[in-house]
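Return atomic coordinates for the entry below.
(one chain, ligands or ions: 2)
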Amino acid sequence: MQDNLTTLKVIVVGDQNVGKTHIITQFCIGQIPSNIKSTLGVDFQTKVIRDNLSGESAKLLIYDTAGEEKFHAIAALHYKKAKGCVIVYDVTNRKSFENVERWLNDARNLADQDCIIMLLGNKCDTDDKTLLNQSGQGRQLMNEREVSFEEGASFANINNLSFFEVSAIQKINIKESFGMLGSQIIQLNQSLLLAKGIKGGNKQESAKKPIRLQRSRFECCIQDGREKIDEDYEPKSRCC
Ligand SMILES: Nc1nc2c(ncn2[C@@H]2O[C@H](COP(=O)(O)OP(=O)(O)O)[C@@H](O)[C@H]2O)c(=O)[nH]1
Ligand SMILES: [Mg+2]
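Ligands and ions are numbered 1, 2, ... in the order given. Next up, the predicted model:
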């Protein structure tokens, strides 16, 4: 099904134990990883997303790390051809937030210039889903929070990154964040193809157009031909 889809590589980096594997697995298959997967690590998982604005679908190949992040020595090859880079820290671990700067430097130095970088603060667990998109007050973490929402947002703002607090375990903002990143990548990819004259249109005209990213709603997901229905997910970002 949909074999001719564009594939877009997204890498997920950040300190060990911030929840990268949990986030990827939650987004791609709608559940947290089994023990075996979590321990061994996997190369990548896939997810088809659709950008509602352009109507384009694409397959995201989301690359995990297999423990090498422990030594902060992710090979440059990992970043090669990545269209998106997700930097994750743990809101209950200040050190992991302090290290975001190093991960960002790596991404900026090693990834292609058109790679879109997003920052996620994971483990923002709560027992009140009505408070999720508010400023962070009233959240109840399983561990004590060491990084405030404002600190994460301010770092992201200064460095011009999209930012979400998420909880992989409680499925908070996982689809929203990756959906938005996916839409941004699809739109940028289209603009670049147009600029190169590959995707129809007048080459000279399109080459003059500035590349402009737009936020949009997105739809997901067809995971390797399996259709999933997520009942607790609200319909503005419909899951197919
Ligand atoms: N409380 C909480 N724990 C989480 C969450 N996501 C992951 N974890 C825990 O964090 C630990 C590390 O997760 P893992 O995905 O292996 O992290 P990685 O090393 O970055 O890939 C595991 O014990 C998970 O159960 C979350 O959203 N909330
Ligand atoms: Mg892992």
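
Could you pick out the longest helix of the chain?
helix 174-195 (DSSP state H).

these two touch, right, Ala107 and Val88?
No: counting by Cβ atoms under 8 Å, Ala107 does not reach Val88; the two are 12.0 Å apart. C-beta coordinates here come from the backbone N, C-alpha and C atoms, glycine included.

Pull up the overlap in contacts between the two.
Common contact partners of Ala107 and Val88 (Cβ atoms under 8 Å, 6 or more residues apart in numbering): Val13.

Have a look at the two and say which one is more surrounded.
The residue with more neighbours, out of Ala107 and Val88, is Val88; 26 against 20, by other Cβ atoms under 10 Å.

Just read off the phi/psi values of the more buried one.
Main-chain dihedrals, Val88, degrees, to the nearest 10: phi -110, psi 140.

How many neighbouring residues does the residue lying closest to it once chain neighbours are set aside have?
Of all residues not flanking Val88 in the chain, Gly14 sits nearest, at 3.6 Å (Cβ to Cβ, 6 or more residues apart in numbering). A count of nearby residues for Gly14, using other Cβ under 10 Å, gives 24.

just Pro33 next, same as before
Residues near Pro33, counting by other Cβ under 10 Å: 22.

Surely Cys85 touches Ile116?
Yes: between Cys85 and Ile116 there is a contact at 7.4 Å, judged by Cβ under 8 Å.

For this protein, which residues score under the pLDDT cut-off?
1-3, 35-42, 127-142, 198-240 (pLDDT under 70).

Might you report the residue contacts of the residue nearest the centre of it?
Nearest to the geometric centre of the chain sits Phe178, at 4.0 Å (Cα atoms, centre = their mean). Listed by Cβ under 8 Å, 6+ apart, the contact set of Phe178 reads Val10, Phe27, Lys47, Ile49, Leu60, Ile62, Val86.
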